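**Student:** quick check, what structure comes out for this input:
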Amino acid sequence: MKKESENQENTPDSLTGEKISLLPILAVNFISTLGFSIVLPFLVFLVSRLGGNAFIYGLASSMYPAFQLIGAPILGRWSDTYGRKKILFLSQLGTLLSWIIFLGALFLPVVSLFKIDSGILGTFTVTLPLAVLFFARALDGLTGGNVSVANAYLADITAERDRSRNFGKMSISENLGFIVGPALAGILSVTAYGDVAPVLGAIVISLIGTLLIMFYVPESKECALEGPEEAENVRKIFGYEIRECRTTTEIKKPEFIEILRLPYIPYMLCLYFLIDLGYNVFYTAFPLHAISALNWSIAKMGVYFTVLSGLLIIVQSTVLPRVSRKHSDATLIIFGSLILGTNFLLLIPGNLSLTYLAAGFFALGDGLMWPSFLSLLSKVAGRKYQGTIQGVASSFGGLASITGLILGGLLYETLSGTSFLIAGLVIYTVFLLNFRLRRFEEQRILKNR
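**Tutor:** Numbers count the residues shown, from 1 in each chain. Got it, this is the predicted structure:
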């Protein structure tokens, strides 16, 4: 017979599960991605106009993941202690403030702070508005626990049998944000307000996300590191049932070293790092490859990423829900990583047909692997440390982003299209390491019998 605590952990729908709608958290995830992606198309031009060069643009892009390394684990741990909703609200508030500071930078005089003329880094000038932009991106990264806390929230309200499909829905909401954001930026940027319009759009979108969390996202974590206590009266907030909790015991915050001692967690965090490393080498090298090897314009590149995001949505909305009912998370992770690695190899020749074929492989591989990986990570984490582990995982992803963003550019400068072979080898390494995940699933099943 199962222990009561184990039974509760493996059947979250008995507590909150299916009684809480996914729509609010999916909307928050979409809005967060939309607010971020709306500024991406013109950021490189803005940095250049304010005195920066390609190196400064890469550095500006890495500010968010660099500071997310610090902020995500703290926010994840706080969400375990104080509740998901409060930390989601704090994170979204930080994003809103960062865009307001970003907007203010556009109205500052372009005053030179110092100039660098280097054979390695190139020539650039750090100006006052550029420095403020760096600060804004750093603040957004420091409070950027949206994704990790949202993932923990989803794990709280979803039964284990449905997690792969629901994490797929989270990925769909992100991909929709990446489709709508750049398109909206293009429309806003041709208005009389120029660069100011997309930033104003990001502020409005972030404000909507903040209000959505405040009024329409119920708390999902019933107790801070404690089991739920049956209450006679169940509160109903916007139609969602949330149970009362014990508050008499002192709350103990989980330490980082305690997380690394949990079974399977260090191994999965290493996989998380390698997967994100392969992604970011691709995301840095591909635009350079598209310009030099395919002679693409910004418009053609935008079409490609729109097609890629559209294919991802199709896979995650139609294929993933069907196959997740028949196959385990580990099986989908193994198959998906094999397909994803093959996608990178198809990019090496620089052939247009193979490039679009690679988009199909990317969509199928990523669409099956990544939601299933997040699902398995949430199951291994358990209810007690869900937010903390998701936060630590985001930090590993942030470290991989910084490494990949720098490495991708250097590799392409040295190896050109062959740099995709490196990204493919990283994902093929993940493919081989993923076979151990089958044992994780088997051990969890045996433990919970």
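
**Student:** what ranges in the stretch 151-300 of the chain fall below the confidence cut-off?
**Tutor:** Applying pLDDT under 70 to the stretch 151-300 of the chain flags the ranges 186, 189, 220-256, 298-299.

**Student:** all strands for it, in order.
**Tutor:** Remark: strands assigned in the stretch 151-300 of the chain by DSSP state E, counting those that start in this stretch are 235-237, 240-242.

**Student:** repeat that for the stretch 1-150 of the chain.
**Tutor:** 112-118, 122-127.

**Student:** can you lay out these as a markdown table showing mean pLDDT?
**Tutor:** Shown next, in a markdown table, are those (pLDDT from 0 to 100):
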| stretch | mean pLDDT |
| --- | --- |
| strand 112-118 | 86 |
| strand 122-127 | 84 |
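
**Student:** with mean neighbour count and distance to Thr191 as extra columns, can I get those in JSON lines?
**Tutor:** Heads up, the C-betas are built off the backbone N, CA and C, glycines and all. Formatted as JSON lines, these follow (neighbours: other Cβ atoms under 10 Å; distance: least, Cβ to Cβ, whole Å):
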{"stretch": "strand 112-118", "mean neighbour count": "10", "distance to Thr191": "30"}
{"stretch": "strand 122-127", "mean neighbour count": "17", "distance to Thr191": "25"}
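
**Student:** and of those, who's closest to Ser21?
**Tutor:** Closest approach to Ser21 among these is made by strand 122-127 (46.6 Å; Cβ to Cβ).

**Student:** give the pairing partners of the closest one; include direction for each.
**Tutor:** Using DSSP bridges, strand 122-127 pairs in its sheet with strand 112-118 (antiparallel).

**Student:** picking up where we left off before, among the strands of the stretch 1-150 of the chain, which comes closest to Met63?
**Tutor:** That would be strand 122-127 among the strands of the stretch 1-150 of the chain, by Cβ to Cβ, at 13.4 Å.

**Student:** nearest to Thr95, of the strands of the stretch 1-150 of the chain?
**Tutor:** strand 122-127 (24.1 Å).

**Student:** returning to that earlier point: mind checking which of the strands of the stretch 1-150 of the chain is nearest Met268?
**Tutor:** Nearest of the strands of the stretch 1-150 of the chain (Cβ to Cβ): strand 122-127, 39.0 Å.

**Student:** can you tell me what sits against the closest one?
**Tutor:** For strand 122-127, contacts defined as Cβ atoms under 8 Å, 6 or more residues apart in numbering pick out 50-56, 110-117.

**Student:** circling back to that earlier point, wait, which of the strands of the stretch 1-150 of the chain is closest to Ile259?
**Tutor:** Using Cβ to Cβ, these put strand 122-127 closest to Ile259, at 37.7 Å.

**Student:** return the distance of the closest residue in space to Trp78 that isn't next to it in sequence relative to Glu219.
**Tutor:** Leaving out its chain neighbours, the residue that sits closest to Trp78 by Cβ to Cβ, 6 or more residues apart in numbering is Ile87, at 5.1 Å. Ile87 sits 11 Å away from Glu219, going by Cβ to Cβ, to the nearest Å.

**Student:** sorry, back to before: could I get the strands of the stretch 1-150 of the chain as a markdown table with distance to Ile74?
**Tutor:** Converted to a markdown table, those look like this (distance: least, Cβ to Cβ, whole Å):
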| stretch | distance to Ile74 |
| --- | --- |
| strand 112-118 | 30 |
| strand 122-127 | 29 |
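
**Student:** out of these, which is closest to Pro349?
**Tutor:** strand 122-127 (30.0 Å).

**Student:** name the nearest residue to the residue positioned nearest the centre of the chain, sequence neighbours excluded.
**Tutor:** Against the mean C-alpha coordinate of the chain, by Cα atoms, centre = their mean, the closest residue is Val147 at 5.3 Å. Spatial nearest neighbour of Val147, excluding adjacent residues (Cβ to Cβ, 6+ apart): Ser394 at 6.1 Å.

**Student:** can you give me the neighbour number for that neighbour?
**Tutor:** 28 (other Cβ atoms under 10 Å).

**Student:** which ones are touching it?
**Tutor:** Gln68, Ala72, Pro73, Gly76, Gly145, Val147, Ser148.
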